[in-house]
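K.L.:
Sequence and computational prediction follow.
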Amino acid sequence: MNIKPYYNEGDITIYHGDCLEIMPQLKPVDLVLTDPPYGIKRDKGFEGFGGFGVPIARRRFENDNWDSERPGKDVFDLILLKSNTAIVFGGNFFADLLPQGTHWIVWDKKNTMPTFGDAELIWTNIKRNSIKIITCEYNGLIGKEKWRSHPTQKPLKLITKIIQRYSPENDTILDPFMGSGTTLIAAKELGRKAIGIEIEEKYCEIAVDRLRQEVFQWN
């Protein structure tokens with residue numbers, strides 16, 4: 001099966017399809033940086049949170065089924081096979097599928113809203129016996145982003161910090177759960193090559209629009 005890029009401009013390539021089908025056909029990359037669905041059913045609303053959080057989630061993303069199930073072990077095996085370094089958001093939700101991690105990243109959200117988690121755990125296969133805390137203020141679905149097009153979209157500033165710390169310039173970065181393309185935008189701005197894979201075409205379209213318009217918005 002030959003795969004044709006959905007988008008290919010400069011050092012950025014996007015594939016529309018299932019990462020299980022596309023990843024085996026790609027060459028190994030320097031870094032996989034990705035945020036898979038956790039399978040905790042947040043697409044059905046934020047149980048127990050109440051307030052404005054529940055209606056926002058249901059109104060904006062109710063038809064996506066974006067968190068109905070998590071990837072299988074075969075996906076993570078491919079991620080490890082295809083990368084020198086792997087960084088996976090929500091690693092605590094995949095503890096039974098990933099090797100034991102000895103270097104974890106903690107995203108401290110400096111959360112000012114009581115309805116969202118204060119931090120997120122990020123698994124890595126980096127051979128260090130340590131924990132790294134990265135601070136990036138964020139308030140869930142009302143995050144202060146220029147674009148807010150995907151229910152689990154991470155702050156561009158956060159992804160940029162991670163790439164700067166763990167990826168030298170000219171690396172190739174792969175995001176097999178690309179969503180709206182934040183990893184690719186950060187990679188482009190930092191002089192890295194990047195590949196994104198996304199199963200939902202509407203998010204491929206959004207990612208292309210963002211790549212053509214997005215610039216860094218912080219000091």
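P.N.:
Cool, got the structure. Residues are numbered from 1 along each chain as shown.

K.L.:
Please identify the helix or strand for the closest residue in space to residue 25 that isn't next to it in sequence.
P.N.:
Take residue 25 and drop its neighbours on the chain: the residue closest to it by CB to CB, 6 or more residues apart in numbering is residue 3, 5.6 Å away. For the C-beta atoms, the positions are set from N, CA and C on the backbone; glycine is no exception. Secondary structure assigned from DSSP states H and E places residue 3 in neither a helix nor a strand.

K.L.:
now residue 3: how far from residue 200?
P.N.:
Noted for residue 3: a distance of 17 Å to residue 200, by CB to CB, to the nearest Å.

K.L.:
now swap in residue 186 and tell me
P.N.:
Counting by CB to CB, the gap from residue 186 to residue 200 is 20 Å.

K.L.:
Show me which of the two is the more surrounded one.
P.N.:
Using other CB atoms under 10 Å, the more surrounded residue of residue 186 and residue 200 is residue 186, with 28 against 16.

K.L.:
mind checking pLDDT for that one?
P.N.:
If you check residue 186, the pLDDT there is 96.

K.L.:
Test my guess that it contacts residue 165.
P.N.:
No: Residue 186 is beyond contact range of residue 165, at 12.0 Å (criterion: CB atoms under 8 Å).

K.L.:
Give me the helix or strand of this structure that scores worst on average pLDDT.
P.N.:
None of the helices or strands of the chain scores lower by mean pLDDT, DSSP states H and E than helix 53-61, at a mean of 37.

K.L.:
Show me the residue at the heart of the protein, geometrically.
P.N.:
residue 35 (3.2 Å; CA atoms, centre = their mean).

K.L.:
Nearest residue to that one in space, please, no chain neighbours.
P.N.:
Nearest non-adjacent residue to residue 35 (CB to CB, 6+ apart): residue 89, at 3.9 Å.

K.L.:
Could you double-check that that neighbour sits in contact with residue 70?
P.N.:
No: under the criterion of CB under 8 Å, residue 89 makes no contact with residue 70, lying 11.9 Å away.

K.L.:
more neighbours, those two?
P.N.:
Taking other CB under 10 Å, residue 89 and residue 70 do not tie; residue 89 has more neighbours (24 against 16).

K.L.:
Show me what the helix or strand containing residue 183 packs onto, helices and strands only.
P.N.:
Element membership for residue 183 (DSSP H and E) is helix 182-189. Helices and strands touching helix 182-189, as assessed by 3 or more CB pairs under 8 Å, 6 or more residues apart in numbering; DSSP states H and E, comprise strand 12-16, helix 156-166, strand 172-175, strand 193-198, helix 201-213.

K.L.:
Overlap of the contact sets of residue 89 and residue 70?
P.N.:
residue 36 (CB atoms under 8 Å, 6 or more residues apart in numbering).

K.L.:
For residue 131, see how far away residue 104 is.
P.N.:
5 Å.

K.L.:
brain fart, residue 23
P.N.:
Residue 23 sits 29 Å away from residue 131 when distances are taken as CB to CB.

K.L.:
count of neighbours near the nearest residue to residue 184 once chain neighbours are set aside?
P.N.:
Nearest residue to residue 184, sequence neighbours excluded (CB to CB, 6+ apart): residue 194, at 4.5 Å. Using other CB under 10 Å, residue 194 has 28 neighbouring residues.

K.L.:
which parts of the helix holding residue 183 are buried?
P.N.:
182-188 (16 or more other CB atoms under 10 Å).
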